[in-house]
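A.B. asks: Next one to model:
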Amino acid sequence: QLEFNDNKIEDVITELSNSKEDPLSLASFLADQSSFPFSLSLINESGEIVVIDEGAGEIVNLPSQLELARATAKPVNVGESRLRVLKLDGAESLLIGYSLTDIRDVRNQNGIFLAGFTFIILLLAIPLSFLIFKRDVRLNQAARALQERQSKMLEFQGDAAHELRTPLTVVRGYFDLLKRGRLSEIKQGEYQAQIDREIERMKVLIDELLIAGELDSKEVVENSHANLSIAVDYQLAHLRDLQPKRPVISEVDADLSVRMNEEELNRLLANIFSNIQRYTPIDSLVEVKGKSMGSLVILEVTDSGPGLPPKFYEAGIRAFQRFDDSRSRETGGSGLGMSIMQKTVERWGGKIQLSPNKPNGLRIKIEFKLGI
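C.D. replies: Now for the predicted structure:
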(Lines give C-alpha, C1' and ligand atoms only; values in the text may rest on other atoms or scores of the structure.)
Protein backbone atom coordinates (compact mmCIF):
# COMPACT_ATOMS: atom_id res chain seq x y z
CA GLN A 1 0.00 0.00 0.00
CA LEU A 2 2.86 2.37 0.86
CA GLU A 3 4.57 1.76 -2.48
CA PHE A 4 1.24 2.16 -4.30
CA ASN A 5 0.54 5.54 -2.65
CA ASP A 6 4.12 6.70 -3.22
CA ASN A 7 3.70 5.93 -6.92
CA LYS A 8 0.45 7.91 -6.96
CA ILE A 9 2.20 10.90 -5.38
CA GLU A 10 5.01 10.63 -7.92
CA ASP A 11 2.41 10.62 -10.71
CA VAL A 12 1.02 13.87 -9.28
CA ILE A 13 4.51 15.40 -9.11
CA THR A 14 5.19 14.37 -12.72
CA GLU A 15 1.92 15.83 -14.00
CA LEU A 16 2.46 19.10 -12.10
CA SER A 17 6.03 19.36 -13.40
CA ASN A 18 5.03 18.74 -17.04
CA SER A 19 1.85 20.85 -17.10
CA LYS A 20 1.65 24.49 -18.11
CA GLU A 21 -1.42 25.02 -15.91
CA ASP A 22 -1.26 26.86 -12.59
CA PRO A 23 0.27 24.30 -10.19
CA LEU A 24 -1.99 25.15 -7.22
CA SER A 25 -5.16 24.87 -9.29
CA LEU A 26 -4.05 21.65 -10.97
CA ALA A 27 -2.87 20.15 -7.66
CA SER A 28 -6.25 20.86 -6.04
CA PHE A 29 -8.01 19.25 -9.01
CA LEU A 30 -5.79 16.16 -8.85
CA ALA A 31 -6.32 15.85 -5.07
CA ASP A 32 -10.07 15.82 -5.64
CA GLN A 33 -9.76 13.23 -8.43
CA SER A 34 -7.40 10.89 -6.54
CA SER A 35 -8.55 7.44 -5.45
CA PHE A 36 -6.88 7.96 -2.09
CA PRO A 37 -6.76 11.11 0.08
CA PHE A 38 -3.71 13.31 0.20
CA SER A 39 -3.21 16.79 1.62
CA LEU A 40 -1.84 19.89 -0.05
CA SER A 41 -0.05 22.74 1.71
CA LEU A 42 1.92 25.71 0.47
CA ILE A 43 5.13 26.78 2.16
CA ASN A 44 5.06 30.48 1.32
CA GLU A 45 7.88 32.96 0.94
CA SER A 46 7.80 33.62 4.70
CA GLY A 47 8.29 29.94 5.52
CA GLU A 48 4.74 29.47 6.81
CA ILE A 49 2.48 26.52 6.00
CA VAL A 50 -0.76 27.49 4.23
CA VAL A 51 -3.28 24.63 3.97
CA ILE A 52 -4.78 24.19 0.48
CA ASP A 53 -6.57 20.85 0.86
CA GLU A 54 -6.94 18.83 4.09
CA GLY A 55 -7.77 15.60 2.27
CA ALA A 56 -5.43 13.58 4.52
CA GLY A 57 -5.34 15.85 7.55
CA GLU A 58 -3.59 19.14 8.15
CA ILE A 59 0.21 19.20 8.48
CA VAL A 60 0.66 21.13 11.71
CA ASN A 61 4.43 21.09 12.25
CA LEU A 62 6.77 22.44 9.62
CA PRO A 63 9.29 19.77 8.56
CA SER A 64 12.95 20.47 9.16
CA GLN A 65 15.13 21.82 6.37
CA LEU A 66 16.83 18.42 6.09
CA GLU A 67 13.47 16.64 5.77
CA LEU A 68 12.31 19.17 3.16
CA ALA A 69 15.51 18.67 1.18
CA ARG A 70 15.10 14.88 1.23
CA ALA A 71 11.41 15.16 0.31
CA THR A 72 12.25 17.02 -2.92
CA ALA A 73 13.74 13.77 -4.25
CA LYS A 74 11.40 11.12 -2.82
CA PRO A 75 8.63 10.70 -0.20
CA VAL A 76 9.86 10.69 3.40
CA ASN A 77 8.21 9.91 6.75
CA VAL A 78 7.66 12.89 9.04
CA GLY A 79 5.87 11.75 12.19
CA GLU A 80 2.63 10.04 11.15
CA SER A 81 2.72 11.61 7.67
CA ARG A 82 4.57 10.79 4.46
CA LEU A 83 5.56 13.91 2.55
CA ARG A 84 6.82 14.93 -0.89
CA VAL A 85 7.93 18.45 -1.89
CA LEU A 86 7.65 20.23 -5.26
CA LYS A 87 9.59 23.48 -5.64
CA LEU A 88 7.57 26.33 -7.20
CA ASP A 89 8.63 29.69 -8.57
CA GLY A 90 10.52 31.85 -6.12
CA ALA A 91 10.83 30.64 -2.55
CA GLU A 92 7.47 28.82 -2.48
CA SER A 93 7.11 25.03 -2.25
CA LEU A 94 4.14 22.71 -2.56
CA LEU A 95 3.93 20.08 0.19
CA ILE A 96 2.05 16.90 -0.76
CA GLY A 97 1.41 14.29 1.90
CA TYR A 98 -0.78 11.50 3.16
CA SER A 99 -1.45 10.00 6.56
CA LEU A 100 0.25 6.76 7.54
CA THR A 101 -2.31 6.34 10.34
CA ASP A 102 -5.18 6.60 7.88
CA ILE A 103 -3.73 3.78 5.79
CA ARG A 104 -3.64 1.47 8.80
CA ASP A 105 -7.12 2.54 9.94
CA VAL A 106 -8.64 2.08 6.49
CA ARG A 107 -7.07 -1.37 6.17
CA ASN A 108 -8.54 -2.44 9.52
CA GLN A 109 -11.96 -0.91 8.79
CA ASN A 110 -12.11 -2.55 5.37
CA GLY A 111 -11.38 -5.93 6.94
CA ILE A 112 -14.18 -5.50 9.48
CA PHE A 113 -16.60 -4.20 6.85
CA LEU A 114 -15.81 -7.04 4.44
CA ALA A 115 -16.32 -9.66 7.16
CA GLY A 116 -19.66 -8.14 8.19
CA PHE A 117 -20.81 -7.69 4.62
CA THR A 118 -19.92 -11.29 3.76
CA PHE A 119 -21.85 -12.56 6.80
CA ILE A 120 -24.96 -10.55 5.84
CA ILE A 121 -24.77 -11.74 2.24
CA LEU A 122 -24.57 -15.35 3.41
CA LEU A 123 -27.63 -14.86 5.64
CA LEU A 124 -29.66 -13.28 2.86
CA ALA A 125 -28.46 -15.32 -0.09
CA ILE A 126 -30.85 -18.27 0.21
CA PRO A 127 -34.15 -16.37 0.84
CA LEU A 128 -33.27 -13.67 -1.71
CA SER A 129 -32.45 -16.26 -4.37
CA PHE A 130 -35.77 -17.99 -3.69
CA LEU A 131 -37.73 -14.73 -4.01
CA ILE A 132 -35.92 -13.63 -7.16
CA PHE A 133 -36.57 -16.86 -9.01
CA LYS A 134 -40.24 -16.86 -7.91
CA ARG A 135 -40.95 -13.57 -9.68
CA ASP A 136 -42.25 -13.63 -13.21
CA VAL A 137 -40.30 -12.27 -16.18
CA ARG A 138 -42.13 -8.93 -16.40
CA LEU A 139 -41.64 -8.15 -12.72
CA ASN A 140 -37.93 -8.94 -13.00
CA GLN A 141 -37.62 -6.63 -15.98
CA ALA A 142 -39.38 -3.82 -14.13
CA ALA A 143 -37.16 -4.32 -11.08
CA ARG A 144 -33.99 -4.25 -13.17
CA ALA A 145 -35.13 -1.11 -14.99
CA LEU A 146 -35.86 0.63 -11.68
CA GLN A 147 -32.54 -0.47 -10.20
CA GLU A 148 -30.66 0.77 -13.26
CA ARG A 149 -32.45 4.12 -13.11
CA GLN A 150 -31.67 4.49 -9.39
CA SER A 151 -28.05 3.52 -10.00
CA LYS A 152 -27.71 6.09 -12.77
CA MET A 153 -29.35 8.74 -10.59
CA LEU A 154 -26.96 8.02 -7.72
CA GLU A 155 -24.01 8.10 -10.11
CA PHE A 156 -25.24 11.38 -11.58
CA GLN A 157 -25.68 12.94 -8.12
CA GLY A 158 -22.22 11.80 -7.07
CA ASP A 159 -20.62 13.13 -10.24
CA ALA A 160 -22.46 16.44 -9.90
CA ALA A 161 -21.30 16.86 -6.30
CA HIS A 162 -17.76 16.01 -7.35
CA GLU A 163 -17.76 18.47 -10.25
CA LEU A 164 -18.98 21.28 -7.98
CA ARG A 165 -16.56 20.38 -5.19
CA THR A 166 -13.51 20.67 -7.45
CA PRO A 167 -13.80 24.41 -8.24
CA LEU A 168 -14.95 25.07 -4.67
CA THR A 169 -11.76 23.47 -3.38
CA VAL A 170 -9.66 25.67 -5.64
CA VAL A 171 -11.57 28.82 -4.63
CA ARG A 172 -11.16 27.99 -0.94
CA GLY A 173 -7.42 27.45 -1.34
CA TYR A 174 -6.82 30.75 -3.11
CA PHE A 175 -9.12 32.60 -0.71
CA ASP A 176 -7.12 31.28 2.25
CA LEU A 177 -3.93 32.49 0.59
CA LEU A 178 -5.42 35.95 0.08
CA LYS A 179 -6.58 36.11 3.72
CA ARG A 180 -3.04 35.45 4.92
CA GLY A 181 -1.90 38.67 3.28
CA ARG A 182 1.76 39.57 2.68
CA LEU A 183 1.39 38.83 -1.04
CA SER A 184 2.72 40.90 -3.89
CA GLU A 185 0.19 42.75 -6.05
CA ILE A 186 1.02 40.42 -8.95
CA LYS A 187 0.28 37.34 -6.85
CA GLN A 188 -2.97 38.88 -5.55
CA GLY A 189 -4.09 39.59 -9.10
CA GLU A 190 -3.26 36.05 -10.23
CA TYR A 191 -5.17 34.48 -7.32
CA GLN A 192 -8.21 36.74 -7.79
CA ALA A 193 -8.29 35.96 -11.53
CA GLN A 194 -8.18 32.23 -10.77
CA ILE A 195 -11.07 32.59 -8.29
CA ASP A 196 -13.11 34.41 -10.97
CA ARG A 197 -12.46 31.59 -13.46
CA GLU A 198 -13.54 28.90 -11.01
CA ILE A 199 -16.73 30.81 -10.12
CA GLU A 200 -17.60 31.11 -13.81
CA ARG A 201 -16.96 27.36 -14.19
CA MET A 202 -19.42 26.65 -11.35
CA LYS A 203 -22.02 28.92 -12.98
CA VAL A 204 -21.77 27.02 -16.28
CA LEU A 205 -22.05 23.70 -14.48
CA ILE A 206 -25.10 24.76 -12.45
CA ASP A 207 -26.83 26.04 -15.59
CA GLU A 208 -26.23 22.74 -17.36
CA LEU A 209 -27.36 20.73 -14.33
CA LEU A 210 -30.64 22.67 -14.40
CA ILE A 211 -31.04 21.93 -18.12
CA ALA A 212 -30.37 18.21 -17.56
CA GLY A 213 -32.89 18.10 -14.71
CA GLU A 214 -35.47 19.93 -16.81
CA LEU A 215 -35.11 17.41 -19.64
CA ASP A 216 -35.72 14.53 -17.21
CA SER A 217 -38.91 16.04 -15.78
CA LYS A 218 -40.40 18.03 -18.67
CA GLU A 219 -43.17 16.32 -20.63
CA VAL A 220 -42.99 15.94 -24.40
CA VAL A 221 -45.75 17.75 -26.29
CA GLU A 222 -46.72 15.29 -29.02
CA ASN A 223 -47.60 17.80 -31.75
CA SER A 224 -44.42 19.89 -31.35
CA HIS A 225 -42.38 20.47 -34.48
CA ALA A 226 -39.61 22.80 -35.64
CA ASN A 227 -37.96 23.75 -38.93
CA LEU A 228 -34.52 22.11 -38.93
CA SER A 229 -33.41 23.83 -42.16
CA ILE A 230 -33.93 27.33 -40.74
CA ALA A 231 -32.28 26.41 -37.42
CA VAL A 232 -29.18 24.99 -39.15
CA ASP A 233 -28.89 28.05 -41.45
CA TYR A 234 -28.99 30.33 -38.39
CA GLN A 235 -26.22 28.40 -36.59
CA LEU A 236 -24.03 28.29 -39.70
CA ALA A 237 -24.44 32.04 -40.21
CA HIS A 238 -23.37 32.57 -36.61
CA LEU A 239 -20.33 30.27 -37.11
CA ARG A 240 -19.30 32.17 -40.28
CA ASP A 241 -19.62 35.51 -38.45
CA LEU A 242 -17.32 34.32 -35.64
CA GLN A 243 -14.89 32.40 -37.87
CA PRO A 244 -15.07 33.84 -41.40
CA LYS A 245 -11.97 31.91 -42.54
CA ARG A 246 -13.43 28.49 -41.70
CA PRO A 247 -14.53 26.49 -44.79
CA VAL A 248 -18.17 25.38 -44.50
CA ILE A 249 -20.20 23.17 -46.86
CA SER A 250 -23.96 22.87 -46.31
CA GLU A 251 -26.26 20.48 -48.15
CA VAL A 252 -29.47 20.70 -46.13
CA ASP A 253 -32.78 20.27 -47.89
CA ALA A 254 -35.31 23.09 -47.51
CA ASP A 255 -38.23 22.97 -45.06
CA LEU A 256 -37.18 19.92 -43.08
CA SER A 257 -39.65 19.63 -40.20
CA VAL A 258 -38.62 17.58 -37.15
CA ARG A 259 -40.48 16.43 -34.03
CA MET A 260 -38.96 18.74 -31.41
CA ASN A 261 -39.73 22.16 -30.01
CA GLU A 262 -37.70 25.12 -31.31
CA GLU A 263 -36.02 25.93 -28.01
CA GLU A 264 -34.51 22.48 -27.58
CA LEU A 265 -33.57 22.18 -31.26
CA ASN A 266 -31.72 25.52 -31.20
CA ARG A 267 -29.92 24.56 -27.97
CA LEU A 268 -28.93 21.20 -29.47
CA LEU A 269 -27.48 22.76 -32.64
CA ALA A 270 -25.80 25.58 -30.70
CA ASN A 271 -24.00 22.98 -28.59
CA ILE A 272 -22.77 21.11 -31.69
CA PHE A 273 -21.41 24.18 -33.48
CA SER A 274 -20.02 25.70 -30.28
CA ASN A 275 -17.93 22.56 -29.80
CA ILE A 276 -16.67 22.83 -33.37
CA GLN A 277 -15.80 26.48 -32.84
CA ARG A 278 -13.88 25.81 -29.61
CA TYR A 279 -12.25 22.44 -30.23
CA THR A 280 -11.28 22.28 -33.93
CA PRO A 281 -8.70 24.32 -35.85
CA ILE A 282 -10.15 27.41 -37.49
CA ASP A 283 -9.16 26.16 -40.95
CA SER A 284 -10.75 22.71 -40.57
CA LEU A 285 -13.63 21.95 -42.90
CA VAL A 286 -17.21 21.63 -41.57
CA GLU A 287 -19.79 19.75 -43.63
CA VAL A 288 -23.50 19.66 -42.84
CA LYS A 289 -25.99 17.39 -44.62
CA GLY A 290 -29.71 17.12 -43.96
CA LYS A 291 -32.43 15.16 -45.75
CA SER A 292 -35.65 13.27 -45.09
CA MET A 293 -35.82 9.47 -45.32
CA GLY A 294 -39.34 8.09 -44.90
CA SER A 295 -40.51 8.90 -41.37
CA LEU A 296 -37.08 10.23 -40.35
CA VAL A 297 -34.98 13.33 -40.92
CA ILE A 298 -31.22 12.64 -40.95
CA LEU A 299 -28.72 15.35 -39.98
CA GLU A 300 -24.97 14.74 -40.29
CA VAL A 301 -22.37 17.24 -39.07
CA THR A 302 -18.72 16.40 -39.73
CA ASP A 303 -15.50 18.27 -39.09
CA SER A 304 -11.84 17.61 -39.94
CA GLY A 305 -10.52 18.38 -36.46
CA PRO A 306 -8.67 16.04 -34.09
CA GLY A 307 -11.71 13.83 -33.45
CA LEU A 308 -12.05 11.70 -30.30
CA PRO A 309 -10.00 8.83 -28.86
CA PRO A 310 -11.32 5.44 -30.12
CA LYS A 311 -12.45 4.34 -26.64
CA PHE A 312 -15.10 7.08 -26.53
CA TYR A 313 -16.74 5.90 -29.74
CA GLU A 314 -17.02 2.41 -28.24
CA ALA A 315 -18.24 3.49 -24.77
CA GLY A 316 -20.89 5.94 -25.98
CA ILE A 317 -22.08 9.14 -24.33
CA ARG A 318 -22.48 9.45 -20.57
CA ALA A 319 -22.85 12.33 -18.11
CA PHE A 320 -19.74 14.28 -17.03
CA GLN A 321 -17.64 12.53 -19.68
CA ARG A 322 -14.78 14.78 -20.76
CA PHE A 323 -13.11 13.79 -24.01
CA ASP A 324 -10.04 15.86 -23.05
CA ASP A 325 -9.78 16.73 -19.34
CA SER A 326 -7.21 19.50 -19.63
CA ARG A 327 -9.00 21.12 -22.58
CA SER A 328 -12.35 21.00 -20.76
CA ARG A 329 -10.90 22.61 -17.66
CA GLU A 330 -9.30 25.40 -19.68
CA THR A 331 -12.51 26.21 -21.54
CA GLY A 332 -14.83 25.71 -18.58
CA GLY A 333 -16.47 22.57 -19.96
CA SER A 334 -18.49 20.51 -17.48
CA GLY A 335 -18.67 17.25 -19.43
CA LEU A 336 -22.48 17.54 -19.56
CA GLY A 337 -22.79 18.94 -23.09
CA MET A 338 -22.88 15.62 -24.96
CA SER A 339 -25.15 14.09 -22.32
CA ILE A 340 -27.64 16.96 -22.70
CA MET A 341 -27.54 16.52 -26.48
CA GLN A 342 -28.32 12.82 -26.12
CA LYS A 343 -31.15 13.43 -23.63
CA THR A 344 -32.65 16.06 -25.93
CA VAL A 345 -32.62 13.81 -29.01
CA GLU A 346 -33.80 10.63 -27.32
CA ARG A 347 -36.68 12.19 -25.40
CA TRP A 348 -38.21 13.15 -28.77
CA GLY A 349 -37.79 9.61 -30.09
CA GLY A 350 -34.59 10.22 -32.04
CA LYS A 351 -31.06 8.81 -31.98
CA ILE A 352 -27.60 10.37 -31.89
CA GLN A 353 -24.38 8.64 -32.86
CA LEU A 354 -20.71 9.68 -32.73
CA SER A 355 -18.23 8.14 -35.18
CA PRO A 356 -14.83 9.01 -36.64
CA ASN A 357 -14.73 11.08 -39.82
CA LYS A 358 -12.22 9.80 -42.37
CA PRO A 359 -9.34 10.56 -42.55
CA ASN A 360 -9.71 12.54 -39.34
CA GLY A 361 -12.36 14.43 -37.39
CA LEU A 362 -15.72 13.75 -35.77
CA ARG A 363 -19.05 12.79 -37.37
CA ILE A 364 -22.29 13.43 -35.49
CA LYS A 365 -25.33 11.70 -36.97
CA ILE A 366 -28.79 12.51 -35.61
CA GLU A 367 -32.02 10.76 -36.57
CA PHE A 368 -35.06 12.97 -35.90
CA LYS A 369 -38.65 11.90 -36.09
CA LEU A 370 -40.37 13.65 -38.98
CA GLY A 371 -42.40 16.63 -37.79
CA ILE A 372 -46.03 16.86 -38.78
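A.B. asks: Checking my notes, Arg70 in a helix, right?
C.D. replies: Yes: counting by DSSP: H, G, I helix; E, B strand; the rest coil, Arg70 is found in a helix.
A.B. asks: these two touch, right, it and Arg82?
C.D. replies: No: counting by Cβ atoms under 8 Å, Arg70 does not reach Arg82; the two are 11.8 Å apart. In short, each C-beta sits where N, CA and C put it, glycine included.
A.B. asks: Spit out the contact partners of Ala226.
C.D. replies: Contact analysis of Ala226 by Cβ atoms under 8 Å, 6 or more residues apart in numbering lists Ser257, Val258, Met260, Asn261, Glu262, Leu265, Gly371.
A.B. asks: which of these sit farthest apart?
C.D. replies: Ser257 and Asn261 (12.2 Å; Cβ to Cβ).
A.B. asks: what about those two, which has more around it?
C.D. replies: Between Ser257 and Asn261, counted using other Cβ atoms under 10 Å, the more crowded position is Ser257 (17 against 14).
A.B. asks: worst-scoring helix or strand of this structure, pLDDT-wise?
C.D. replies: Using mean pLDDT, DSSP states H and E, the weakest-scoring helix or strand in the chain turns out to be helix 325-331, at a mean of 44.
A.B. asks: And the pLDDT for Glu3?
C.D. replies: If you check Glu3, the pLDDT there is 80.
A.B. asks: circling back to that earlier point, ok, so of the contacts of Ala226, who is nearest Leu95?
C.D. replies: Nearest to Leu95 among these, counting by Cβ to Cβ, is Leu265 at 51.6 Å.
A.B. asks: Could you pull out the helices in the stretch 251-372 of the chain for me?
C.D. replies: 262-279, 310-315, 325-331, 337-347 (DSSP state H, counting those that start in this stretch).
A.B. asks: Let me have the ones you listed in JSON lines, adding distance to Gln194 as columns.
C.D. replies: Shown next, in JSON lines, are these (distance: least, Cβ to Cβ, whole Å):
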{"stretch": "helix 262-279", "distance to Gln194": "21"}
{"stretch": "helix 310-315", "distance to Gln194": "29"}
{"stretch": "helix 325-331", "distance to Gln194": "12"}
{"stretch": "helix 337-347", "distance to Gln194": "23"}
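A.B. asks: Single out the most deeply packed of these.
C.D. replies: Highest mean neighbour count among these (mean count of other Cβ atoms under 10 Å): helix 337-347, with a mean of 20.
A.B. asks: pLDDT on that helix, on average?
C.D. replies: For helix 337-347, the mean pLDDT works out to 83.
A.B. asks: go on, stretch 47-64?
C.D. replies: Computed over stretch 47-64, the mean pLDDT rounds to 70.
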